[in-house]
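Novice: Mind looking at a prediction? Sequence and model below.
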Amino acid sequence: MDSSVNILVGLVVLAWLVWRQTQRRLVREDRRPVVLLILLVLGVLQLSTYLKTASTSAMLIVALVVSLLLAAGFGVVRARSTRLWRKDGQLWRQGTWVTAALWVVGLGVHIGLDLLFDSAAKGLGAGSILLYLAVSLGVQRLVVQARADRLGSFA
C-alpha cells in the first residue's frame, strides 16, 4: 500500500477507536483483546511491507522506537483520562473528550515524525500507523485494567 492509503486506513481505524472508547462499556477482565491482536498483526505486516522498500538505517530504527515509545506514553495518559465508575455492582468505563483529543494528537505526532526524520525514515509514519495504534491501545488497555483492579472486583 502507498502512504496515502496507509494514512486513510489509519484515520478510519482511529475514528472507530475514538467512537468506541467514548461509549459507556463494562470493564470485563475476561474480555479477549481481539481488536488489539488484529491491529498488531496488521501493523507488523504493514511495517514489514514498508521495510522491504525503505533503506534501513540506525536513524530509521531510532525513529521507530521513538514513535512506539510515544504510542505507549499516549496510551498511559489516555488511560488516566478514561472515567471508571461502579454502578449496580458493575464497573464501567468511558473515554472523555480528552481521551478522544489525545488519540488525534497522538496520531498527528506519529505522522509528524515523518517530517522530523524526513531524510532517514521517509514514510515511516504511514508505514507503521497500525502498529502505532496497536501499541498505544495495548498500553491503554493495560493501564485501564490496572486502575480497574485497584477498584476491586468487577463483572
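Specialist: Received, thanks. Numbering: from 1, shown residues only.

Novice: what separates stretch 135-155 from the chain centre, distance-wise?
Specialist: How far stretch 135-155 lies from its chain's middle: 15 Å, per C-alpha atoms, centre = their mean, to the nearest Å.

Novice: how about low-confidence regions in this protein?
Specialist: By pLDDT under 70, the low-scoring segments of the chain are 1, 29-30, 118, 153-155.

Novice: got the residue ranges for the helices in it?
Specialist: Counting by DSSP state H, the chain has these helices, from start to end: 3-21, 34-53, 58-81, 97-116, 118-121, 124-127, 129-150.

Novice: Quick check: which of those is buried the most?
Specialist: For these, the largest average neighbour count (mean count of other C-beta atoms under 10 Å) is found in helix 124-127, namely a mean of 26. For glycine as for every other residue, the C-beta is placed from the backbone atoms N, C-alpha and C.

Novice: Other residues contacting it?
Specialist: Residues from elsewhere that reach helix 124-127, judged by C-beta atoms under 8 Å, 6 or more residues apart in numbering: 3-4, 6-7, 10, 46-47, 49-51, 54, 60, 63-64, 67, 110-114, 117, 132.
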